[in-house]
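# no sequence on this one, just coordinates:
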Ligand SMILES: Cc1cc2nc3c(=O)[nH]c(=O)nc-3n(C[C@H](O)[C@H](O)[C@H](O)COP(=O)(O)OP(=O)(O)OC[C@H]3O[C@@H](n4cnc5c(N)ncnc54)[C@H](O)[C@@H]3O)c2cc1C
């Protein structure tokens, strides 16, 4: 392994100072260390933030939920406030990685994780994300698991996080703390599509620290859930996934929050599906009609064509699971 | 001679080394701590074919702690003598010579090795070695290669009867091509070698299924007498066949140690394991079947293409199954390998037979469906009288019974034969069966048995235990044969100085080493009894030796347990520190019988109607494998192989990027093997009995047969569930949407 230095900080001020001078934050280390071993990432200084006081889960004044950046995936999944209010988050977390990883990995690290594209993770292959302008080995290579939405000529790598799909569906906000103070970014603006700068993945400025992810209040009772479709039943990233949250009153869908995973270069919000749902009464036919729009704009590659269909079916299935049908 | 009481054999005992393993005390190859050891990291090639034009090692050598970078530019010439004992190496071709020339023959080929004082320094320096190449046009895809096929080896063409005519006149004909993709073994333990030179003697701690094979190969590569090489391998963390041959990294470790004059440890990375230690080759298998309307097979024509490397012509034994599984008067086989720019494939659990069974057993299922005959009934109608591959009578062939027991236990009679007839919510449910069969292999083996005056015994052989539980099963045999308890016997293996044993593969360890252990222990027990009956001071003096049995370390008359004495008493009184015996087994030169092992595998799967996901719900294997020495270990083998078969059927797939020959999923996140959630209710049943002709202990071998037939049983169940026949493995969602 290449030589690097490591410091551990105990307060945010020290973290920001270290971040400002080029240090790279490390939380659970479950993905950054892998990438360093493969020399995909080569930070010279690691700043261990795991002791920072960002481990709280609180209900906000307006009835939303604020999950500290250093809350472990396992803790967030098990938290009664999360489970009770947003099962979709708990489910997305519990269907992620493995129990061991979830015990180490943090929410902040999770949404920051980088793509699983095999060529990105292999420094002997070309990759625009890793080395801008070098080319994309995946486009004419093996790309069964790649994105069909939000791709560009430069990159078709998926964002692999599951919980990010739930966050996208629920229209979460990311709270940041930087040298210039605090700011908040809508989740949909936080993760970036590749476009012509596939190397830029998050709207994070140099040295900025994620402090929390906030889910806004939604009308209650909100029914929600996450479906993950994959070849093996555990310990694999999604081929397709769907996060669905519905608020039904008097038999009519008043709110619908839907996003898909495994298919987009970022977690893919599905407003066209949501629009078809709102104001309608749950029915098998409605789920099918709404899900028809799930793959709007898809641009599949040779090996991932099946995802177009699979995505629609995944969304349809999850609408039924969450919304029920007679 | 009265039979020894059976106490340990047949009892569901736990592994004798289980505690060592779960407490981390079992020392695997890389765990050995050798004084003064430094670390080696391999640099591998980034092209599949071509020549190395330069290696820039300046940055690497400038790193603190780096001792040396070795490549073809500075490596000494190695002897690479012929190794006539390497019967597991392909007959045609030549093993890869490391660092002897500038040629690159496959992506991931070792091109240099960095040796440094610490692992971290060696890893970092390896990243800093810059290799330049002149790349040729590589060919790595079996499906599209335009390379001419290799000349066939003798066993690769086979014919009996008049197959083309028989097929042409058959009432029913079926032709299909089945594709088994490349699979990697992916054992938990990575391959590792520690090498130390003491003058001209070489000691290696290695992950190997065959310490004597490793010894012979290192002796041949370095031009040493075999006695100068000592191989130690007490524990192997899974192998499935990929530690049978001595792969290039073993040579690299020894070479590096010689060059830096220090012991060297080399551990392959997970990624390097995909290029360094073989794999199950991809195979395209075309079957043409002719039968009459009642399902009696008249002709079967098999056309196989499989991948191999350009430098070695490896071929699995994919042909035997098609010659003998079912009564078929007319058979033709042509099996061709294609020389690709890949590393050489090797044996992987159930080698050849697993691949052939996928094709043949899928075809049988297709035929059954076509004819409207129950798939079990179809197989029963084609039971052969003799082994048609060699004309020998069967010692035991209980495939019929495997099916009837299996059908009863699995509930086959409740099956609606119509495809897509059973639905459970979103899931289409189906069941399938397949036969399995595997050659019963045997090889010469010896064992040393020593009984000490304290009443404990040590049994030794240069065998291996890659996971099936050799330590335990041999101890069970020895305990009963010596009349000792499990606590008072100890079995030692994994050292080339021990009595010779064959490779730990092909299901021959229990049969071969076990027979030698049995022989040695019988001899020792008999010599102890002889000592007693001839000893005037012994309570057994004068009795017929054949009337004496030994139990719990005490020799006594079978008819009068009160009359006897312990081994300790006997040895002490006679002033003996110990007794010794040498056990041996060698298979008959001319086999009289066909002694293959058989299985019937049943699977129930559910396929998500809309999402195409396949989930195995339950599996049952019924095995005709002769005597079961250790039922708990047998279950580990059978259930483990079902898990492997689920992988082969639904998940495992080595993906090569044919533009440059790189393996895209060379890691355990992307190469999918089943996880616990994929492994449902699995059950194994062993037909009671033994095979008296197979070997002295009546076992047929279990580790390989249990893998055969699993994938086709699942594939056939998928067809029954969905009405869709998938002929390419693995079966993934996209084929079923
Ligand atoms: C084998 C495997 C399987 C997996 N499967 C899944 C899966 O199915 N679904 C899924 O969603 N995930 C999966 N993961 C990914 C896993 O969830 C992530 O590794 C984990 O969430 C990362 O969290 P961490 O705290 O360990 O991050 P780290 O590795 O510590 O950091 C990751 C990145 O985030 C940055 N970072 C961390 N915290 C902050 C912060 N507060 N502010 C700014 N930057 C920060 C780091 O600088 C780094 O770039 C898998 C991982 C592995 C290894």
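In hand now; what should we look at? Only a predicted model underlies this, so the values are computations on that prediction, with no experimental measurement involved.
# which one's the longest helix in chain A?
Secondary structure of chain A read by DSSP state H shows that its longest helix is helix A:306-323.
# so which elements touch that one?
If you count contacts as 3 or more CB pairs under 8 Å, 6 or more residues apart in numbering or on different chains; DSSP states H and E, helix A:306-323 packs onto strand A:222-229, strand A:240-249, strand A:252-261, helix A:284-291. Bear in mind the C-beta positions are built from the backbone N, C-alpha and C, glycine included.
# do I have it right that residue A:324 meets residue A:282?
Yes: taking CB atoms under 8 Å as the definition, residue A:324 is a contact partner of residue A:282 at 6.1 Å.
# neighbour-wise, which of those two wins?
A side-by-side neighbour count of residue A:324 and residue A:282, using other CB atoms under 10 Å in any protein chain shown, places residue A:282 first with 20 against 13.
# ok, and the closest non-adjacent residue to that one?
By the measure of CB to CB, 6 or more residues apart in numbering or on different chains, the closest residue to residue A:282 outside its immediate chain neighbours is residue A:323, 4.4 Å from it.
# what's the local residue count around that neighbour?
23.
# now swap in residue B:618 and tell me
For residue B:618, which is what you asked about, the neighbour count (other CB under 10 Å) is 14.
# quick one: the helices in the stretch 201-350 of chain B, in order.
B:211-222, B:248-260, B:270-276, B:320-324 (DSSP state H, counting those that start in this stretch).
# and if you look at chain A?
In chain A, the helices defined using DSSP H lie at A:12-20, A:32-37, A:73-78, A:80-85, A:87-94, A:99-104, A:107-112, A:163-169, A:187-190, A:271-277, A:284-291, A:306-323.
# return the most buried member of those.
Using mean count of other CB atoms under 10 Å in any protein chain shown, the stretch among the helices of chain A with the largest mean neighbour count is helix A:163-169, at a mean of 30.
# which other helices and strands contact it?
Using 3+ CB pairs under 8 Å, 6+ apart as the contact definition, the elements that helix A:163-169 packs against are helix A:87-94, helix A:107-112, helix A:187-190, strand A:222-229, strand A:240-249, strand A:252-261, strand A:268-269.
# any chance of those in TSV, with distance to chain B and mean pLDDT too?
Shown next, in TSV, are the helices and strands packed on helix A:163-169 (distance: least, CB to the nearest CB, whole Å; pLDDT from 0 to 100):
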stretch	distance to chain B	mean pLDDT
helix A:87-94	12	98
helix A:107-112	16	98
helix A:187-190	25	97
strand A:222-229	6	98
strand A:240-249	8	98
strand A:252-261	14	98
strand A:268-269	18	98
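# dump these to JSON lines, plus distance to residue B:564.
As requested, the helices and strands packed on helix A:163-169 are exported to JSON lines (distance: least, CB to CB, whole Å):
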{"stretch": "helix A:87-94", "distance to residue B:564": "63"}
{"stretch": "helix A:107-112", "distance to residue B:564": "70"}
{"stretch": "helix A:187-190", "distance to residue B:564": "82"}
{"stretch": "strand A:222-229", "distance to residue B:564": "67"}
{"stretch": "strand A:240-249", "distance to residue B:564": "71"}
{"stretch": "strand A:252-261", "distance to residue B:564": "73"}
{"stretch": "strand A:268-269", "distance to residue B:564": "80"}
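# re the thing from before, between the helices of the stretch 201-350 of chain B, which gets nearest to residue A:87?
Nearest to residue A:87 among these is helix B:270-276; the distance by CB to CB comes to 35.8 Å.
# list the buried ones in the closest one?
The neighbour-count criterion (16 or more other CB atoms under 10 Å in any protein chain shown) identifies B:271, B:272, B:273, B:274, B:275, B:276 as the buried residues of helix B:270-276.
# count of neighbours near residue B:168?
Summarising burial for residue B:168: neighbours were counted as other CB under 10 Å, giving 11.
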